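**Q** Need a 3D model of the following:
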Amino acid sequence: MSMGAWIVLILIVVTAFIVLFYKRPVKKVDLPIGYKKLLQTHVAFYRSLNDEEKIRFEEKLKEFLGYILITGVDTTVTDIDRLLVAASAVIPIFGFPAWKYYNLREVLLYPQSFNKEEFLAKTNERNTLGMVGNGPMQRVMILSKPALHAGFANEPGRENTGIHEFVHLLDKEDGDVDGLPGALLKRQYTIPWLELMNKNISAIIEGNSDINVYGATNKAEFFAVASEYFFERPDLFKEKHADLYNMMVQIFNQSPPTAIFTEPRDLT
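**A** Numbers count the residues shown, from 1 in each chain. Presented below is the predicted three-dimensional model:
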């Protein structure tokens, strides 16, 4: 091989190493004016934290918004949009103080649901509320803005599109979105977790579970759907699914605070 070819090869290897392993420096940004009231009003998880935990949550929001770009596609990105995206990201990793989403670069907000094959919102075939991109959309997440807001409506629900997609991103950290979050799940819990997933997916299919039926699609969707329930209604989830709850405490390294639900508020 010629010297020129060796130089090209070395450059390719170095570039690949940088892309795959370089950890971007994180610079915290200021949160918008009135952010405490916005969080207290719209994010039940935040509302249930003690004062010290709230400060830590706010610092994680500043950090996330310092290295992730949030872009509106045919829609304006507002302060509450940014806070809800960041809250969706911080809630699942709140038990891991040093965690960074290095496998994400940008979150795209769409004005409505979209077509996941063509990433289009202006089409008749749009039935996707959120997705983690692959291929040309690698390190990009797409979220429907109305779905993002609906997940944080102050109602006793068990669904949250933002949390769902960020759990997929955590699942993807080991290379595969398969319901086995290798970066979070300790080896000794792998088989028990698989057994619990299989048992609960069967219960959903048989109509014997209150977990969203979408969780029976596959193990990856079960993990994301169960995580929504775990973080949105930890009290009810623990009551109805104690084994799952205890396992997810191990996975996420936290016991979510009991959410305080108030009257629904308009997020617009």
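
**Q** Quick one: neighbours of V132, just the number.
**A** 22 (other C-beta atoms under 10 Å). C-betas here are computed from N, CA, C, even on glycine.

**Q** ok, it touching L169?
**A** Yes - distance between V132 and L169: 5.4 Å, which falls inside the contact criterion (C-beta atoms under 8 Å).

**Q** Residues that sit against both of those two, list them.
**A** M141 (C-beta atoms under 8 Å, 6 or more residues apart in numbering).

**Q** Now do the contacts for the closest residue in space to D243 that isn't next to it in sequence.
**A** Nearest residue to D243 in three dimensions, chain neighbours excluded: L196, at 6.0 Å (C-beta to C-beta, 6 or more residues apart in numbering). L196 makes contact with D243, L244, M247 under the criterion C-beta under 8 Å, 6+ apart.

**Q** Could you give the number of residues near D210?
**A** 13.

**Q** average pLDDT for the helix or strand W193 falls within?
**A** W193 is located in helix 190-205, with elements delineated by DSSP states H and E. Across helix 190-205, the average pLDDT comes to 97.

**Q** Go through that helix and flag the buried ones.
**A** W193, L196, M197, N200, I201, A203, I204 (16 or more other C-beta atoms under 10 Å).

**Q** Look up how far V132 lies from V213.
**A** 21 Å (C-beta to C-beta, to the nearest Å).

**Q** swap in A153?
**A** From A153 to V132 the distance is 23 Å (C-beta to C-beta).

**Q** Please apply the same query to L194.
**A** The value you get for L194 to V132, if C-beta to C-beta is used, is 22 Å.

**Q** where are the low-confidence patches of the stretch 151-268 of the chain?
**A** 154-156, 259-268 (pLDDT under 70).

**Q** if we go to 80?
**A** 154-157, 258-268 (pLDDT under 80).

**Q** can you check the stretch 1-150 of the chain too?
**A** 1-27, 114-128, 133-137.
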